[in-house]
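A.B. asks: after the sequence you'll find the predicted model.
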Amino acid sequence: MTTKLPLLLAAFFFASVATTAQTQTSPRARDLGVPFEGTPGPLNSITDVQGVEVGYRTLISGQGKLEVGQGPVRTGVTAIFPRGKASVDPVFAGWFTENGNGEMTGTTWVDESGFLYGPAMITNTHSVGVVRDAVIAWQLKHGTSLPLEDWWSLPVVAETWDGYLNDINGFHVKPEDAQAAMADAHGGAIAEGNVGGGTGMICFEWKGGTGTASRKLQPKDGGYTVGVLVQCNFGVHRLLRIAGTPMGYDIPGKSVWDSDTGSIIVVVATDAPLLPSQMKRIAKRVTLGLGRLGSISGDGSGDIFIAFSTANPGAGMEQEKPVPIQMLPNDRMDALFEATVQATEEAVVNALVAAKTMTGFDGHTVEALPHDKLREVLKKYNRLADVK
């Protein structure tokens, strides 16, 4: 009896897990010797941009045969607050879609107004509506910048499809899960891999999920910070390249898709003083980071990106007089473009490295990218970096 107790406890734990507060997992890509260009911020995270907070709700329960509405469940919600969850001050923002087989709500108003109001949320494809409504309820509860009779909200909620591992048609994400992710939002180190909206995602036919990275510009370029968070669920195995090496050819992997079926959502944050049109230019550079990894942005992929600047506080608040703002000249943006490309590439690899093998319904299993094989390929092509 006593010898079986730990196994019973483990089975119970696996059967029902719903978590919020988490920190970064180890190792990360750099710890394995993956060489990256540029200088990361202290945490190599989107939260290196001052004020940015990230929260998760991770839902894992059940195993075995798919029973719609019952599970198994492998999904969640991610919340990104540009100025922290206590702020109602919007930020200048721009967005871009490389391929539109996906969804990001609220983007028409981002284009029209130039601002992102509230958090950017990421979940699974069939939970966008419930998360959107939960954001509005959260904003009502925690205060708005306008009288209630004048107040309305068009939240930004994005998605990728986790239906290979998760009972996506069971609608397991509830309003309280989205609100828990928002309540969990914090600065500092954040978790990667099988967490939040990235819980059930697949990347280059390896286990994917949530990843983050950052870059700190040199003083001559303004010393600004660029941070990226990805929810990666895209790509086919044979095309994967890491640090310029043909990883997809050198590491055999299990085939999941016949073509590029998944999607990726990318959130870019910076403290550089940029206007909405400039933020759209930043968002477009995400595609170049994904291209380094082997993305072709296939027909079945939803590749949608939003970028925001935490500079110019108060610019979006109701004012009686004109608001003074700062703007970095366009010809000073090249270093920010480069930082965005670099941080996007590293954030995806961090997600791949952090993700753990996961089994969903009906025995569907997606393997984690093997760390030892990754190092072997890097060494083979003389790309393995020294690890401190």
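C.D. replies: Yes, it's here.

A.B. asks: would you mind finding the longest helix in the chain?
C.D. replies: Scanning the chain for the longest helix, with DSSP state H as the assignment, gives helix 334-354.

A.B. asks: tell me the mean pLDDT over that helix?
C.D. replies: Helix 334-354 shows a mean pLDDT of 98.

A.B. asks: equivalent analysis for stretch 30-42, please.
C.D. replies: 98.

A.B. asks: ok now that stretch, how far from the chain's centre?
C.D. replies: Between the centre of stretch 30-42 and the centre of its host chain there is 18 Å, according to CA atoms, centre = their mean, to the nearest Å.

A.B. asks: in it, what's buried?
C.D. replies: Of the residues in stretch 30-42, 30, 32-34, 36, 38, 40-41 count as buried by neighbour count, 16 or more other CB atoms under 10 Å. In this view, the C-beta of every residue, glycine as well, is placed from N, C-alpha and C.

A.B. asks: CA atoms only for it, dumped as CSV, please.
C.D. replies: As requested, the backbone C-alpha atoms of stretch 30-42 are provided in CSV (Å, rounded to 0.1, in the frame of the first residue of the first chain):
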residue,chain,number,x,y,z
ARG,A,30,22.3,29.9,-24.6
ASP,A,31,23.0,27.5,-21.7
LEU,A,32,23.2,24.7,-24.3
GLY,A,33,25.7,26.6,-26.4
VAL,A,34,23.4,28.0,-29.1
PRO,A,35,25.2,31.1,-30.4
PHE,A,36,23.1,34.2,-30.9
GLU,A,37,24.0,37.7,-32.1
GLY,A,38,23.4,40.8,-30.1
THR,A,39,23.4,41.6,-26.4
PRO,A,40,20.4,40.4,-24.3
GLY,A,41,18.9,42.3,-21.4
PRO,A,42,19.5,41.1,-17.8
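
A.B. asks: got a list of contacts for it?
C.D. replies: Residues outside stretch 30-42 that contact it (CB atoms under 8 Å, 6 or more residues apart in numbering) are 29, 44, 48-49, 213-216, 218, 225, 227, 242-243, 338-339, 342-343, 345-346, 349, 353, 371, 374-375, 378, 383-387.

A.B. asks: show me those residues that map onto helices.
C.D. replies: Those of the contacts of stretch 30-42 lying in helices (DSSP H): 338-339, 342-343, 345-346, 349, 353, 371, 374-375, 378.

A.B. asks: mind listing the helices for the chain?
C.D. replies: 5-15, 107-113, 128-142, 175-184, 247-250, 276-293, 334-354, 371-380.

A.B. asks: good, we can wrap up now.
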